[in-house]
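> structure, please.
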Amino acid sequence: MAVLSIFSRTASRRGVRALGVASASVALALGAAGNALACDISEFSAAAKCEGDKGVITVTDVDPAGIPATVTVYLQNNGADAKKVGEQVVKGSREGTTITFAENWKPGAEYRIHVKAADYVDEDIKPNLVTPATSCKTEDTPTPTPTATPSQTSSAPAEETGTPAPSPSTPAASASESTAPAGVSSNAPSPAAGESNLAETGANSNTGLIVGLAAALVVVGGGAVFFGLRRRGASGSR
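Numbers count the residues shown, from 1 in each chain. Below is the predicted model:
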């Protein structure tokens, strides 16, 4: 009986020990599982993207436990918060849950993103988000103003003053008007041929003077011939 009593006490102690070891193992396993399911800042990521020509900021939560977390986005300026962009609550998933903040960000802008999830997380995503160097909306290229050609410039004064350009047919019309009276028949009698000649050799001409000079030359020439013949006759008689 004493042997049986000692054996049963030993077996009982061993059972208690085994139970304690098993309980400790389960506690450790549960603690590890709890830590694995806890929300962590490393499970959050942010990015600056474009939706058409509009800028947006996205935050993705890959917490498999799905613990609700409040995400707040701030625009930074010289290391300080310039403005609060927005605040949203996200429940993560193993595949990842993404929330979007509408923000027409400028190239090279910096944003601070803070995450708070119950007693698990209360810190910023590191490093701060810096937007790309190219904006979502491309600037329109201004259309150059066409320059006026010389022909357009020369015709501009005529169009501004409203003075009509001279028609090429105007000189011809003037010429026809100026020569029109020459073709009109006159009722006055035309002068006779004799009257025309007399008009041409009338008293105003030099015909009389020429005839007088010719007669004088004939007389002088005749006198010279006469005196010449007399001198020859006188010399021959000697």
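
> run a quick neighbour tally on residue 48.
Applying other C-beta atoms under 10 Å, we find 19 residues neighbouring residue 48. (C-beta placed from N, C-alpha, C; glycine too.)

> give me the element it is part of.
Here residue 48 is covered by strand 44-51, with elements defined by DSSP states H and E.

> buried set for that strand?
With burial defined by 16 or more other C-beta atoms under 10 Å, the residues of strand 44-51 counted as buried are 44, 46, 48.

> what's the closest of those residues to residue 65?
Residue 65 lies nearest to residue 44 out of these, by C-beta to C-beta, at 13.4 Å.

> could you pull up the residues touching the closest residue to residue 81 other than its chain neighbours?
Taking C-beta to C-beta, 6 or more residues apart in numbering as the measure, residue 81 lies nearest to residue 74, with 4.3 Å between them; neighbours along the chain are not counted. With contacts taken as C-beta atoms under 8 Å, 6 or more residues apart in numbering, residue 74 has the following neighbours: 81-85, 111-114.

> can you turn the buried part of those into a ChimeraX selection?
Entered in ChimeraX, the line below selects the buried ones among the contacts of residue 74, by 16+ other C-beta under 10 Å:
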select :85,111,112,113,114
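
> need the contacts of residue 74 in TSV with pLDDT, can you?
Compiled in TSV, the contacts of residue 74 are given as follows (pLDDT from 0 to 100):
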residue	pLDDT
81	96
82	96
83	96
84	97
85	97
111	98
112	97
113	98
114	98
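
> identify, from the contacts of residue 74, the entry nearest to residue 131.
Taking C-beta to C-beta as the measure, residue 131 lies nearest residue 111 of the contacts of residue 74, at 7.5 Å.

> look up how far residue 73 lies from the closest residue to the closest one other than its chain neighbours.
The shortest distance from residue 111 to any residue other than its chain neighbours is 4.4 Å, reached at residue 129 (C-beta to C-beta, 6+ apart). Using C-beta to C-beta, to the nearest Å, one gets 8 Å for the distance from residue 129 to residue 73.

> overlap in contacts of the two?
By C-beta under 8 Å, 6+ apart, the residues touching both residue 129 and residue 73 are 46, 57, 111-113.

> and the two most separated of these?
Greatest spacing in the shared contacts of residue 129 and residue 73, by C-beta to C-beta: 57 and 112 (11.2 Å).

> list the residues that contact both of the two?
Common neighbours of residue 57 and residue 112, counting by C-beta under 8 Å, 6+ apart, are 73, 129.

> packing partners of the host helix or strand of residue 116?
Secondary structure from DSSP H and E places residue 116 in strand 110-117. With contacts defined as 3 or more C-beta pairs under 8 Å, 6 or more residues apart in numbering; DSSP states H and E, strand 110-117 has these neighbours: strand 44-51, strand 54-61, strand 68-77, strand 121-124, strand 129-130.
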